[in-house]
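# fold the stuff below for me.
(2 chains)
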Amino acid sequence: MAGVDSGTSAARPNPFARNWFVTGIWLLLAGYLVYSVNALGLSWERISTGMGFAGNLLDKMFPPNFSRWELLLGGLIESLEIAVIASFFGILVSLFLGLFAARNMMSGWVSSPVRALIALCRTFHPVIIAILFVKSVGFGALAGILTLVVASIGFIAKLFAEAIEEISLKQVEAIRATGASFVSVVLFAVMPQVFSRFLGFATYQLDSNLRNSTMVGIVGAGGLGGTLFSAFQRFDYDFVAAILIVIIALIMFGEFLSNLVRRIFK
Amino acid sequence: MKISTATPLTAIDRHWQRFTLSQKLSRYAVYLVLVLALVLSIQTVEVIPEFFYDAPEQMADMFTRMWPIDFAYYPVSVHDAMLETLNIATLGTLLTLIFAIPLALMNASNVVASPWCHWIARFFLVSSRSVNSLVWALLFVAIFGPSVIAGVLAIAFRSVGFVGKLLGEAIEEINMGPIEALTATGASWAAILLKGYWPQILPAFFSIVLFRWDINVRESAVLGLVGAGGIGVVLSDSMNLFEWQRVAMALLAIFVVVILAEILVVNIRKRLL
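This next block holds a predicted model:
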C-alpha cells in the first residue's frame, strides 16, 4: 500500500539496455565496409563520373522505341513458350523426385541420392546451367527449356519433399491397413494432404520461370533476353527501354495471374 | 405426435458437393487454359529435334573435356575473383539496406498511414524485383563500364525489392503495445523507431538480410558474364578460350562457396529465430 516508488530506479534494470552483441556486429560491419571499399578500389570520382553517363543513358533510353515490335513480340512469345513448357516438365519431374526424396516415404538409400541431386540442381544459378546447356544443345529455346526444368526441380522438388515429410501418417497407416498398394497409398493418403500446398508451389514456380525465361536469353538460350542483349550490344538504348517495359509488364501480369489462380484454388 | 406432415425429406437435395458450380467452372477454366497454353507452346516452339537427340552425347563430350579439373589455375586467378565475388555480394547487400529500410517503413501500414506513400514504395519495390540482376548489371555496365561497381549496384538494386517487402511485412507484424507506451511518454518519432520498432524486428531483420546475402552470393557469381566483375569474368573468359578444365575449376569453386554460404546462413538463422 505504501511505497509505489520505494524501490528507486537503481534497482530496476534499464529497459533500453544496450545490446552489446548487436553493437559488435555493427562495428564489424563498419570495419568490413572500409576494407571492402579499399579492396574493390571503389572511389567517389568513379561514381560521380558514372552519374554523368547515367544521365546520358537515360537521355538515350527516352522515349522508348516500339518501332521494331515484331522482333519484340517474337521474343516475348518464345519466352512464354519456354516458361510454360519448362514449368510443365519441371513440375512433372519434381512430383516424382519430391516423393522419392521424402524421408518418411522412402528408405534412406533412395532418398539420400535424390536429395543430393535436388541440392545439386539448386546450387548453380540458372545462368550457369544455361551456359552449359547452350554449349551442349546449341543456341535456342531448347537450352532455355532444359535450364528452367533443372531450376524448377531444384526449387520445387525440395519444397514438395518437405511438404510430404510434414503430413500426418495416420491416413497413410489407415490406407496401408486395407492392404493398398504403394501407388494407392500415394494417391489416396499422401496426395490429398499435400495437393493444395503443391498447387501453391506450382504457381510460384510458373511465375518464377516466367521471370527467368526473360533472362536465360542473355547467354543464348532463347527468349526475350537474347533480344535485350543484342539491343544492348548495338547501343539501341531506346529499344532496350521498350524491351524492359515489356518485361516488367509481363512479370506484373504473371503475378496478377498467379494471384488469380491462387484465389480460385483457395 | 407424428411429424410426417412436414415436407418430405426427398424434396431437399441431399447430394453433397464440395465446391459450388462457379468454383468448379473457374477451376476447369484454369485447367483448360493451362492445357491449351502447353499444347500451343509445344506445337510452336522452335526446337530442332536432332539437337535434342544429340544432347546426351554432347553433354558427355563436354564433361570429358572438363576432366581433369585444372587445380593449378586456382591460385592464379580463381582465388582473387572468388573473393571479389564475395565482396560484391556483401557490399551489395549492405548498400541495399540504405534504400530498403526507408521503403519498408513507407510500405508498412502501421508506420505510415498515407496510401500514397504505400503506392510509391510498392512501385519501387516491384520494379526492383521485376528486373533481373543480370539486366540490372547490363544497365550499370552501360553506365560505369565493365567494373566491380556495376556488380555492387546491380546486386543492391535487385535486392531492394526482396528486402524491402519482407522487412515491411515484419514491421507490420509487430506488437503495437510498446509503441503505444512510448508514444504516451511523449517520445520523439526517432526514439519510437529506435526503441519501439527496431528491437522487435531485430531477429527478422538479420534473418532477412542473411537470406538475401545467401541469394546474392549465387547471383554475384554470374554477374561477371556481362562484365560486372567477380568469378563470372574468369568463367566467361575460360569458356571463350575453350579452356574447359579451367571452367570446371571455376564451377567447382562456385559450388563450394555457395554450399558453404548456405550452411553458414542456415546455422546462424537457426540460432536467431
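
# could you pull out the helices for chain A?
Applying DSSP state H to chain A gives helices spanning A:20-40, A:44-61, A:69-101, A:108-123, A:126-137, A:141-152, A:158-165, A:169-177, A:182-185, A:191-213, A:224-233, A:237-264.

# check the stretch 151-273 of chain B too.
Along the stretch 151-273 of chain B, counting by DSSP state H, counting those that start in this stretch, helices occupy B:177-184, B:189-192, B:198-223, B:231-240, B:244-272.

# using PDB, list the CA coordinates for the worst-scoring helix or strand of chain A on mean pLDDT.
Ranking every helix and strand in chain A by mean pLDDT, DSSP states H and E puts helix A:44-61 at the bottom, with a mean of 79. This file holds the C-alpha atoms of helix A:44-61, laid out as PDB (Å, rounded to 0.1, in the frame of the first residue of the first chain):
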ATOM      1  CA  TRP A  44      33.800   8.700 -55.200                       C
ATOM      2  CA  GLU A  45      35.200  10.000 -58.500                       C
ATOM      3  CA  ARG A  46      34.400   6.700 -60.200                       C
ATOM      4  CA  ILE A  47      30.800   7.100 -59.100                       C
ATOM      5  CA  SER A  48      30.400  10.700 -59.900                       C
ATOM      6  CA  THR A  49      31.800  10.300 -63.500                       C
ATOM      7  CA  GLY A  50      29.400   7.400 -63.800                       C
ATOM      8  CA  MET A  51      26.500   9.600 -62.800                       C
ATOM      9  CA  GLY A  52      27.200  11.800 -65.800                       C
ATOM     10  CA  PHE A  53      26.900   8.700 -68.100                       C
ATOM     11  CA  ALA A  54      23.800   7.700 -66.300                       C
ATOM     12  CA  GLY A  55      22.100  10.900 -67.300                       C
ATOM     13  CA  ASN A  56      23.400  10.300 -70.800                       C
ATOM     14  CA  LEU A  57      22.000   6.800 -70.900                       C
ATOM     15  CA  LEU A  58      18.600   7.800 -69.600                       C
ATOM     16  CA  ASP A  59      18.500  10.500 -72.300                       C
ATOM     17  CA  LYS A  60      19.100   7.900 -75.000                       C
ATOM     18  CA  MET A  61      16.600   5.500 -73.500                       C
END
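
# now check that helix, is it near chain B?
Yes. For helix A:44-61 and chain B, the contact criterion (C-beta under 8 Å from any C-beta of the partner chain) is met by A:R46, A:I47, A:G50, A:F53, A:A54, A:L57. (C-beta placed from N, C-alpha, C; glycine too.)

# of these, select the buried ones using a ChimeraX command.
In ChimeraX, this line selects whichever of the residues of helix A:44-61 next to chain B come out buried by 16 or more other C-beta atoms under 10 Å in any protein chain shown:
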select /A:50,54,57
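
# biggest separation within the residues of helix A:44-61 next to chain B, which pair?
A:R46 and A:L57 (16.1 Å; C-beta to C-beta).

# how much space between B:I263 and chain A?
Plainly put, B:I263 is 11 Å away from chain A if you go by C-beta to the nearest C-beta, to the nearest Å.

# what do you get for B:S77?
For B:S77 relative to chain A (C-beta to the nearest C-beta), the value is 16 Å.

# burial count for that residue?
B:S77: 17 surrounding residues under other C-beta atoms under 10 Å in any protein chain shown.

# now the closest residue to it other than its chain neighbours: how far from B:P146?
Spatially, and ignoring its direct neighbours in sequence, B:S77 is nearest to B:V234 (5.5 Å; C-beta to C-beta, 6 or more residues apart in numbering or on different chains). B:V234 sits 14 Å away from B:P146, going by C-beta to C-beta, to the nearest Å.

# if you count surrounding residues, which of the two has more?
B:V234 (25 against 16).

# coming back round to it: B:V33: which of the helices of the stretch 151-273 of chain B is closest?
helix B:198-223 (31.3 Å).

# quick one: pLDDT of the residue nearest to the spatial centre of chain A?
When C-alpha atoms, centre = their mean is applied to chain A, the residue found nearest the centroid is A:S208 (5.5 Å). On pLDDT, A:S208 comes in at 87.

# quick one: stretch A:118-130 to chain centroid distance?
Put simply, stretch A:118-130 sits 11 Å off its chain's centre (C-alpha atoms, centre = their mean, to the nearest Å).

# other residues contacting it?
Around stretch A:118-130, the neighbours that count as contacts under C-beta atoms under 8 Å, 6 or more residues apart in numbering or on different chains are A:97, A:101, A:143-144, A:147-148, A:150-151, A:153-155, A:157-158, A:161, A:212, A:215-216, A:218-221, B:134, B:218-219, B:221-222, B:225, B:235, B:251, B:254-255, B:258-259.

# could I have the buried ones of those as PyMOL selection syntax?
In PyMOL, this line selects whichever of the contacts of stretch A:118-130 come out buried by 16+ other C-beta under 10 Å:
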select buried, (chain A and resi 97+101+143+144+147+148+150+151+153+154+155+157+158+161+212+215+216+218+219+220+221) or (chain B and resi 134+218+219+221+222+225+235+251+254+258)
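
# tell me where the chain is predicted with low confidence.
With no chain named, the answer covers chain A. Chain A contains residues with pLDDT under 70 at A:1-10.

# not quite, I wanted chain B
Applying pLDDT under 70 to chain B flags residues B:1-14, B:273.

# got the domain boundaries for it?
B:10-62, B:70-272 (automatic domain parsing).

# let me have those domains in TSV, extended by distance to A:Y32.
Listed next are the domains of chain B as TSV, based on distance: least, C-beta to C-beta, whole Å:
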stretch	distance to A:Y32
domain B:10-62	38
domain B:70-272	7
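
# which among these is found nearest to A:L29?
Per C-beta to C-beta, nearest to A:L29 of the domains of chain B: domain B:70-272, 6.8 Å.

# would you mind giving the residues of helix A:44-61 next to chain B as a markdown table with distance to A:L120 added?
Output for the residues of helix A:44-61 next to chain B, formatted as a markdown table (distance: C-beta to C-beta, whole Å):
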| residue | distance to A:L120 |
| --- | --- |
| A:R46 | 38 |
| A:I47 | 39 |
| A:G50 | 38 |
| A:F53 | 40 |
| A:A54 | 39 |
| A:L57 | 39 |
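
# among the residues of helix A:44-61 next to chain B, which one sits closest to A:W26?
A:I47 (23.9 Å).

# re earlier: from chain A, how far off is the residue nearest to B:S77?
Separation of B:V234 from chain A (C-beta to the nearest C-beta): 13 Å.

# which ones are touching that residue?
Taking C-beta under 8 Å, 6+ apart, we find B:V234 in contact with B:S77, B:V78, B:A81, B:G224, B:R246, B:A250.

# surely the fifth one and B:D70 touch.
Read that as B:R246. Yes. Using C-beta atoms under 8 Å, B:R246 is in contact with B:D70, at 5.0 Å.

# comparing these two, which residue is more hemmed in?
Under the criterion of other C-beta under 10 Å, the comparison of B:R246 against B:D70 puts B:R246 first, with 24 against 19.

# perfect, I'm done here.
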